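**Student:** with the input below, show me the fold.
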Amino acid sequence: MNEVILALLAGFIVGVLFSAIKLPIPAPPVLSGVMGVVGVYLGGIAYQWIIEKFFS
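**Tutor:** Residues are numbered from 1 along each chain as shown. Purely as a prediction, here's the structure:
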(Lines give C-alpha, C1' and ligand atoms only; values in the text may rest on other atoms or scores of the structure.)
Protein backbone atom coordinates (compact mmCIF):
# COMPACT_ATOMS: atom_id res chain seq x y z
CA MET A 1 0.00 0.00 0.00
CA ASN A 2 2.94 2.32 0.65
CA GLU A 3 4.01 2.01 -3.00
CA VAL A 4 0.56 3.05 -4.18
CA ILE A 5 0.53 6.12 -1.95
CA LEU A 6 4.07 7.11 -2.99
CA ALA A 7 3.22 6.67 -6.68
CA LEU A 8 0.10 8.80 -6.27
CA LEU A 9 2.08 11.48 -4.43
CA ALA A 10 4.83 11.49 -7.08
CA GLY A 11 2.26 11.75 -9.88
CA PHE A 12 0.51 14.60 -8.07
CA ILE A 13 3.78 16.51 -7.64
CA VAL A 14 4.71 16.03 -11.31
CA GLY A 15 1.24 17.21 -12.36
CA VAL A 16 1.52 20.34 -10.23
CA LEU A 17 5.04 21.14 -11.47
CA PHE A 18 4.14 20.67 -15.14
CA SER A 19 1.04 22.82 -14.74
CA ALA A 20 3.03 25.51 -12.91
CA ILE A 21 5.54 25.82 -15.75
CA LYS A 22 2.78 25.66 -18.39
CA LEU A 23 3.78 22.35 -19.98
CA PRO A 24 1.33 19.67 -21.13
CA ILE A 25 0.84 16.96 -18.54
CA PRO A 26 3.05 13.94 -19.42
CA ALA A 27 0.30 11.33 -19.45
CA PRO A 28 -1.75 9.63 -22.14
CA PRO A 29 -5.51 10.15 -22.34
CA VAL A 30 -7.13 8.72 -19.23
CA LEU A 31 -8.86 5.55 -20.46
CA SER A 32 -6.20 4.49 -22.95
CA GLY A 33 -3.47 5.13 -20.38
CA VAL A 34 -5.21 3.03 -17.74
CA MET A 35 -5.87 0.24 -20.23
CA GLY A 36 -2.22 0.29 -21.30
CA VAL A 37 -1.10 -0.18 -17.69
CA VAL A 38 -3.64 -2.98 -17.19
CA GLY A 39 -2.42 -4.66 -20.38
CA VAL A 40 1.21 -4.54 -19.24
CA TYR A 41 0.25 -5.99 -15.86
CA LEU A 42 -1.85 -8.79 -17.38
CA GLY A 43 0.91 -9.58 -19.87
CA GLY A 44 3.38 -10.01 -17.02
CA ILE A 45 0.99 -12.32 -15.18
CA ALA A 46 0.33 -14.33 -18.36
CA TYR A 47 4.07 -14.72 -18.98
CA GLN A 48 4.63 -16.07 -15.47
CA TRP A 49 1.69 -18.47 -15.86
CA ILE A 50 2.94 -19.75 -19.25
CA ILE A 51 6.47 -20.30 -17.91
CA GLU A 52 5.19 -22.17 -14.84
CA LYS A 53 2.64 -24.22 -16.78
CA PHE A 54 4.72 -25.32 -19.77
CA PHE A 55 8.39 -24.97 -18.87
CA SER A 56 8.72 -26.23 -15.31
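**Student:** check the gap between the residue nearest the centre of the chain and residue 21 for me.
**Tutor:** With distances taken as Cα atoms, centre = their mean, residue 37 lies nearest the centre of the chain, 4.7 Å away. Separation of residue 37 from residue 21 (Cβ to Cβ, to the nearest Å) stands at 26 Å. (Glycine included, C-beta is placed from N, CA and C.)
**Student:** hey, where'd the strands end up in this structure?
**Tutor:** Here the chain has no strands by DSSP state E.
**Student:** let me see the ranges of the helices in this protein.
**Tutor:** Taking DSSP state H as the test, the helices found in the chain are 2-20, 30-54.
**Student:** now those helices in TSV, with mean pLDDT?
**Tutor:** Below are those laid out as TSV (pLDDT from 0 to 100):
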stretch	mean pLDDT
helix 2-20	89
helix 30-54	90
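**Student:** burial of residue 40, as a residue count?
**Tutor:** Residues lying near residue 40 (other Cβ atoms under 10 Å) number 10.
**Student:** neighbours of residue 17, how many?
**Tutor:** For residue 17, using other Cβ under 10 Å, the count is 10.
**Student:** same check on residue 18?
**Tutor:** Residue neighbour count, defined by other Cβ under 10 Å, stands at 14 for residue 18.
**Student:** you'd agree it is up against residue 26?
**Tutor:** Yes. Counting by Cβ atoms under 8 Å, residue 18 does reach residue 26; the two are 6.4 Å apart.
**Student:** what's the closest non-adjacent residue to residue 18?
**Tutor:** residue 25 (5.4 Å; Cβ to Cβ, 6 or more residues apart in numbering).
**Student:** go ahead and confirm that neighbour touches residue 12.
**Tutor:** No. In this structure residue 25 lies outside contact range of residue 12 using Cβ under 8 Å: 11.3 Å.
**Student:** right, I'll leave it there.
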